[in-house]
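Trainee: sequence first, predicted model second:
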Amino acid sequence: MINPFSLITILWIGRIFFIKGKERRLIYLIPLTFFYESFLEVGYFLRFGNIEIGYAFFVNLFLFVYLLFSLIKETIPKQFFLAGMLLVGAGMLGNILLVFFPTQVRTANINISWDNKIVLPGLIFEKIHLTSFNLLNLFYLVTYIMLFIVIVSVFKKESPKLVVRSLKKMTDFILIIGIGELISKYLFRSDVFNTIVNTIFGISESTYVEVTARGSGFLLQGLTQESSHYVYVLFILFFVILANFILTKQRSDLYRLASLLLLLAVSMSFSSLIYFVAIIHIVLLWKFRNMRIEKKILWGVLQLAILLVLVFLATQVLPELVKELSVTGFWGRRIRSVFEEISIVTSGRWRHSSHSLEWSNRVRLLSIYENAKVFLLRPIFGFGLGSVVSHSSTMMLLSGGGVVFALIWARFNFLLGRLKVTYEYLIVIVVFLAVNVFNSLSFRPFFDISAIIFSLSIVIIFGLKEGSYE
């Protein structure tokens with residue numbers, strides 16, 4: 001079975017062969033890839049019985065072949081190519097070590113997830129081993145690396161500017177969808193948005209078929225599977241538009257930024273709080289980037305002091321205060337649940353607990369905590385990308401590839417070998433890794449185009465100077 005949008009997808013992809021000039025083709029390809037890899041999760045491209053082929057997977061198959069031929073014809077920056085090959089090698093190393101040094105450790109994987117364990121506590125996890133998910137993630141990793149190499153090869157030093165500018169119309173398109181969903185659900189309490197989306201893209205297991213209330217608001221998801229994925233897209237686009245505003249000083253970008261923040265605020269995702277904090281932190285780093293060195297030191301000390309105070313409050317004061325929060329409202333219930341679940345998870349009482357204010361909080365925090373313990377068993381090279389799953393992208397990165405892979409990925413994605421790196425830029429990288437501790441996007445924040453877009457946007461925002469691309 002094929003959906004109406006599947007035909008549109010084929011035409012949309014096919015149009016690239018009628019565009020003249022490699023730069024123009026790439027400018028066309030970037031927003032298309034972002035739409036399918038990062039934003040479109042609902043529905044399916046093709047269905048055979050119980051087997052569904054998603055839009056993102058189909059587009060990545062095309063990307064793989066197209067980029068392979070592009071690399072053959074393109075003059076590739078040698079050092080950047082070698083950095084990409086090093087990243088592939090580091091990604092495969094954990095898999096190879098798992099074959100030669102198998103483990104008896106049992107934890108969640110693609111076959112038995114933490115969601116399954118919570119629903120059926122009697123389930124026994126499988127021993128950590130290679131699965132088809134390892135091969136799938138290696139495919140996504142290689143496609144991501146090829147895409148970044150092609151971008152750098154074609155655009156060279158103009159890569160940040162051209163990537164950001166290419167996404168302006170796509171941002172407007174996503175905002176139109178977001179405002180339409182907001183009006184449909186908040187003003188009219190109607191499921192017409194879901195009906196239209198399901199008709200165009202198809203109904204899959206991850207599809208919402210009706211309006212979902214959360215507290216005093218309604219779940220907003222755009223074309224993603226859930227609101228936490230949606231706010232990640234909004235988070236990435238915020239920095240794309242901020243970078244474009246720095247380049248062009250267009251007043252319309254301020255309206256776009258306001259619209260993105262509005263959608264982030266009313267999406268009714270607990271993750272939006274984390275992304276708001278990250279946005280504020282990065283914007284403050286940007287505003288104070290030109291301070292004299294002594295003031296930067298004071299600012300760093302102040303940030304550390306604030307962090308220590310927050311840790312103290314979170315561990316000693318807030319647990320008692322949140323007990324007074326009402327459980328009838330969305331935010332109060334979620335915040336109170338987080339502190340309750342931290343205590344239950346870290347003490348091991350989750351194994352015998354059949355009650356939770358928010359089961360989603362338990363699954364997420366439990367998978368993060370247990371995955372952290374798995375990471376500590378093989379912290380250098382990990383157990384192989386995809387051998388272990390979690391509701392935490394960063395913990396999957398660490399437990400799968402280890403510290404070595406994470407560092408090589410950060411160097412490649414954030415162009416650390418090409419830029420005159422600043423203190424602020426390094427902090428932004430840490431913030432990006434930190435916010436992805438609390439999402440459930442698998443490896444997507446690291447292996448799809450959103451990672452490239454974020455890093456190049458930050459390069460513009462902080463005015464970093466690039467070295468040679470030869």
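Mentor: Yep, it's here. Numbering: from 1, shown residues only.
Trainee: and the next helix or strand past the particular helix or strand that has residue 361 in it?
Mentor: Take DSSP states H and E as the rule and residue 361 turns out to sit in helix 359-377. Using DSSP H and E, the helix or strand that follows helix 359-377 in sequence is helix 393-413.
Trainee: could you pull out the strands for the protein?
Mentor: All strands of the chain, identified by DSSP state E, fall at 46-48, 51-53, 213-214, 217-218.
Trainee: winner for burial among the ones you listed?
Mentor: Counting by mean count of other C-beta atoms under 10 Å, strand 217-218 has the highest mean neighbour count of the strands of the chain, with a mean of 17. Just so you know, the C-beta spots here come from the backbone N, C-alpha and C atoms, and that holds for glycine as well.
Trainee: what residues does it touch?
Mentor: Outside strand 217-218, the residues that touch it by C-beta atoms under 8 Å, 6 or more residues apart in numbering are 185-186, 189, 211-212, 266, 268, 330.
Trainee: in PyMOL, how would I select just the buried ones from these?
Mentor: Provided next is the PyMOL selection string for whichever of the contacts of strand 217-218 are buried by 16 or more other C-beta atoms under 10 Å:
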select buried, resi 185+211+212+266+268+330
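Trainee: any chance of the contacts of strand 217-218 in JSON lines with pLDDT as columns?
Mentor: Below are those laid out as JSON lines (pLDDT from 0 to 100):
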{"residue": "185", "pLDDT": "92"}
{"residue": "186", "pLDDT": "92"}
{"residue": "189", "pLDDT": "89"}
{"residue": "211", "pLDDT": "76"}
{"residue": "212", "pLDDT": "78"}
{"residue": "266", "pLDDT": "92"}
{"residue": "268", "pLDDT": "88"}
{"residue": "330", "pLDDT": "75"}
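Trainee: farthest-separated two in the contacts of strand 217-218?
Mentor: Across those, no pair lies farther apart than 189 and 330, at 16.5 Å, counting by C-beta to C-beta.
Trainee: check what pLDDT residue 77 gets.
Mentor: Confidence at residue 77, expressed as pLDDT, is 85.
Trainee: isn't it right next to residue 155, touching?
Mentor: No - applying C-beta atoms under 8 Å, one finds residue 77 not in contact with residue 155, separated by 11.2 Å.
Trainee: between the two, which is the more surrounded one?
Mentor: Higher neighbour count among residue 77 and residue 155: residue 155, with 21 against 18, using other C-beta atoms under 10 Å.
Trainee: low-confidence stretches in the stretch 101-250 of the chain?
Mentor: 204-210 (pLDDT under 70).
Trainee: at 50 what do you get?
Mentor: By pLDDT under 50, the stretch 101-250 of the chain has no low-scoring segment.
Trainee: helices along that one, start to end?
Mentor: Applying DSSP state H, counting those that start in this stretch to the stretch 101-250 of the chain gives helices spanning 114-119, 132-155, 159-166, 168-182, 192-201, 227-248.
Trainee: how about CSV for those, with distance to residue 89 added?
Mentor: Output for those, formatted as CSV (distance: least, C-beta to C-beta, whole Å):
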stretch, distance to residue 89
helix 114-119, 30
helix 132-155, 11
helix 159-166, 24
helix 168-182, 33
helix 192-201, 37
helix 227-248, 28
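Trainee: please identify the deepest-packed of the ones you listed.
Mentor: helix 227-248 (a mean of 23).
Trainee: same for it, what does it pack against?
Mentor: In terms of contacts (3 or more C-beta pairs under 8 Å, 6 or more residues apart in numbering; DSSP states H and E), helix 227-248 is packed against helix 159-166, helix 168-182, helix 251-266, helix 271-287, helix 449-461.
Trainee: could the C-alpha coordinates of that helix be exported in CSV?
Mentor: The C-alpha trace of helix 227-248 is given here as CSV (Å, rounded to 0.1, in the frame of the first residue of the first chain):
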residue,chain,number,x,y,z
SER,A,227,5.8,16.4,21.2
SER,A,228,9.3,15.8,22.6
HIS,A,229,10.5,15.1,19.1
TYR,A,230,8.7,18.1,17.9
VAL,A,231,10.3,20.5,20.3
TYR,A,232,13.7,19.2,19.3
VAL,A,233,13.0,20.3,15.7
LEU,A,234,11.9,23.7,17.0
PHE,A,235,15.1,23.9,19.1
ILE,A,236,17.2,23.4,16.0
LEU,A,237,15.3,25.8,13.9
PHE,A,238,15.6,28.5,16.5
PHE,A,239,19.3,28.6,16.0
VAL,A,240,18.9,28.4,12.2
ILE,A,241,16.8,31.6,12.2
LEU,A,242,19.0,33.3,14.8
ALA,A,243,22.0,32.7,12.5
ASN,A,244,20.0,34.0,9.5
PHE,A,245,19.1,37.1,11.5
ILE,A,246,22.8,37.7,12.2
LEU,A,247,23.5,37.4,8.5
THR,A,248,20.7,39.5,7.1
